[in-house]
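>>> I would like to see how this sequence folds:
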Amino acid sequence: IVIASSIRVGNEIGKGNPSSARHAGFVSIKLGFIFMGLCAVVFFFLRYFLASLYINDIEVINMAASFLLVVALFEIPDGIQSVAIGALRGLSDTKWPSVLAFIAYWMIGLPLGYMMTFHWGVGPVGIWWGLLIGLVFVSVFLTARFHILSKKQ
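Numbers count the residues shown, from 1 in each chain. Down below sits the predicted model:
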């Protein structure tokens, strides 16, 4: 979906159809949302089963299931940000998505994850919560950037 988004948006821009490029980008973002939403449902409902495929220790399965719960939650913003980056690439916008990703992961997600894990008592799953927060940030801002840039085309 990411590559198709980049190609479709770029082709439409190349043809001089900015409204079609905008439409292609948002359709791709919605498809990414739907697909990753389905993946999130699978991770959510099968988290204990998936963990039990690798180990029999109940305590470890419960810990792994708590990690997979966060994984289920970050599937959707991860899908959105990936496809939004592809759509922005189709608009020849690569610098700011990289800057936004750096801010999201290294300045927001990692420090928050560290604080949650080591200082706020969340435990090991805290690093995943930090990543989730970074993913939400970058997915919102990349989608907003695509909205703004595609409107200007």
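>>> Heading C-terminal from the lengthiest helix in the chain, find the next helix or strand.
In the chain, with assignment by DSSP state H, the single longest helix is helix 18-52. Scanning forward in sequence from helix 18-52 by DSSP states H and E, the next helix or strand is helix 58-90.
>>> Return the set of buried residues in that following helix.
Buried residues in helix 58-90, counted by 16 or more other C-beta atoms under 10 Å: 61, 63-66, 68, 70-90. For every residue, glycine as well, the C-beta is placed using N, CA and C.
>>> and the longest helix of the chain, what other elements does it pack with?
If contacts are counted by 3 or more C-beta pairs under 8 Å, 6 or more residues apart in numbering; DSSP states H and E, helix 18-52 sits against helix 2-14, helix 58-90, helix 126-152.
>>> Do me a favour and average the pLDDT over it.
When pLDDT is averaged along helix 18-52, the result is 97.
>>> what comes up buried for it?
Neighbour count says helix 18-52 has 18, 21-22, 24-29, 32-33, 36, 39-40, 43, 47, 50-52 buried, by 16+ other C-beta under 10 Å.
>>> same question, stretch 7-17
Burial within stretch 7-17, assessed by neighbour count using 16+ other C-beta under 10 Å, is assigned to 8-10, 12-13.
>>> again with stretch 115-132
For stretch 115-132, a neighbour-count test (16+ other C-beta under 10 Å) marks 116-117, 122, 125-132 as buried.
>>> Span of it from start to end?
14 Å (C-alpha to C-alpha, to the nearest Å).
>>> Could you check how far that stretch is from the centre of its chain?
Chain-centre distance of stretch 115-132: 18 Å, with C-alpha atoms, centre = their mean, to the nearest Å.
>>> Can you tell me what sits against it?
For stretch 115-132, contacts defined as C-beta atoms under 8 Å, 6 or more residues apart in numbering pick out 63, 66-67, 70-71, 73-74, 77, 105, 108-114.
>>> Now the two most distant members of these.
Comparing every pair within the contacts of stretch 115-132 by C-beta to C-beta identifies 63 and 108 as the most remote, at 25.0 Å.
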